[in-house]
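Student: Provided below for reference: sequence and predicted model.
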Amino acid sequence: MKALVYTNPLEVTYRDEPDALADYGESIVEVEAVGICGSDMHAYQGHDARRNPPLILGHEVAGKVISGKLKGERVILNPLITCTHCDYCLTGRSNLCDNRTMIGMTRPGAFAEQVSIPDHCLVTIPCDMQAHKAALTEPAATSLHGLALVARVSARPLCEAQALVIGGGSVGLLAALMLHDQGCEKIILAETNKQRGGTASATGVCEVVDPINSQIETDHFDIVVDAVGSGVTRKLASNTVKPGGVLLHIGLMDNAEGLDMRKMTLAEVIVLGTYTYTTADLRATVKKLYSGALGTLDWVEQRSLASGAQAFDDLLNHRCAAPKIVLHP
């Protein structure tokens, strides 16, 4: 099969690879669409010790089962391969599984014509769902899962909240779209990339500001979503969340300082870390994407897998206005 392989830092190579093989209890999925994630970019730059070349990256997948339990069904994948029997798995928090592995990290991913995965990681989708939209399920479920945590602890319903989302990549933009879908009163999206900011603004669900050239009001927002996760964005999140508000930390760019724990304590700010999603979150997200609840999703840029090296380079050098590039084998 053809695959896009991470071969060295700043290098991905489109080449022939052995066909995917399935162990007992696994399926082989013919990949229809696969998104480039921020974690793929992190690995591409040589910044992820868990992803060692040569490796097929890619975990935001939509496709069709060609061998296995659900043969013939169209699916998206839960890329987190969990043990199914630890306390986390048994209590509905499988994303925290002690023994989890992941495609595109500990085993070949989906920047390929085929990928293998355990049967329990398959989530069916409507037969007529467009593949590039279905491939958004993984990042959209990340946003949905995090905002569900916010809703549990927020002093008031999300529909009454004023929210700041930091970062206009796919997770940030999808968080804004999710907040809008839940009737959030006002949404500001902070994005330094002018092209991406324009894309987010065109959705009509949020006001976009450049936090470098614009002053964002301090102590103002009921909900702040940091979808970047850098020292700089944690500082912005700390400054802008209001007393008694909720700061949701999704991004994993770095582990630098930035969070003002003195303010978090004195102002009784709730700080939530959130990691990925459960299978239930993925199923709920498929329904939202398919129904149109998150808009037309026409901001997704589609390219061929064969041109994947150029896509990675364009993302690295900020030449892309799209918050998400989806590749088609």
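Tutor: That came through fine. Computed from a predicted model, the values in this text were never measured in an experiment. Numbers count the residues shown, from 1 in each chain.

Student: Quick one: mean pLDDT for whichever strand or helix holds residue 132?
Tutor: Applying DSSP states H and E as the criterion places residue 132 in helix 131-134. The average pLDDT for helix 131-134 rounds to 98.

Student: Check the offset of it from the chain's centre.
Tutor: 14 Å (C-alpha atoms, centre = their mean, to the nearest Å).

Student: Leaving out chain neighbours, which residue sits closest to residue 79?
Tutor: Spatial nearest neighbour of residue 79, excluding adjacent residues (C-beta to C-beta, 6 or more residues apart in numbering): residue 59 at 3.6 Å. No exception for glycine: its C-beta is placed from N, CA and C like everyone else's.

Student: Verify the contact between that neighbour and residue 107 for me.
Tutor: No. Residue 59 is not in contact with residue 107 according to C-beta atoms under 8 Å; the separation is 10.5 Å.

Student: Which of those two has more residues huddled nearby?
Tutor: residue 59 (23 against 15; other C-beta atoms under 10 Å).

Student: okay, the more buried one: pLDDT?
Tutor: pLDDT, residue 59: 98.

Student: Same check on residue 19?
Tutor: 96.

Student: cool, and residue 50?
Tutor: So residue 50 comes in at 91 (pLDDT).

Student: right, and the secondary structure at it would be what?
Tutor: coil (DSSP: H, G, I helix; E, B strand; the rest coil).

Student: please begin residue numbering at 41 from this point
Tutor: From this message on, residue numbering opens at 41, which makes the last subject residue 90.

Student: so what's it up against?
Tutor: 145, 146 (C-beta atoms under 8 Å, 6 or more residues apart in numbering).

Student: Now stretch 140-153: buried residues?
Tutor: Buried residues in stretch 140-153, defined by neighbour count with 16 or more other C-beta atoms under 10 Å: 140, 142, 143, 144, 145, 148, 149, 150, 151, 152, 153.

Student: Need the mean per-residue confidence for that stretch.
Tutor: 96.

Student: Run the chain-centre distance for it.
Tutor: 15 Å.

Student: Next: stretch 67-82.
Tutor: With C-alpha atoms, centre = their mean, you get 11 Å for stretch 67-82.

Student: And stretch 253-264, by the same measure?
Tutor: The answer for stretch 253-264 is 24 Å, by C-alpha atoms, centre = their mean.

Student: Quick check: end-to-end length of that stretch?
Tutor: Stretch 253-264 has an end-to-end distance of 19 Å (criterion: C-alpha to C-alpha, to the nearest Å).

Student: Just want the most central residue of this structure.
Tutor: The centre of the chain sits closest to residue 179, judged by C-alpha atoms, centre = their mean, with a distance of 2.5 Å.

Student: Which residue is the nearest non-sequential neighbour of that one?
Tutor: Closest to residue 179 by C-beta to C-beta, 6+ apart is residue 210, at 4.5 Å.
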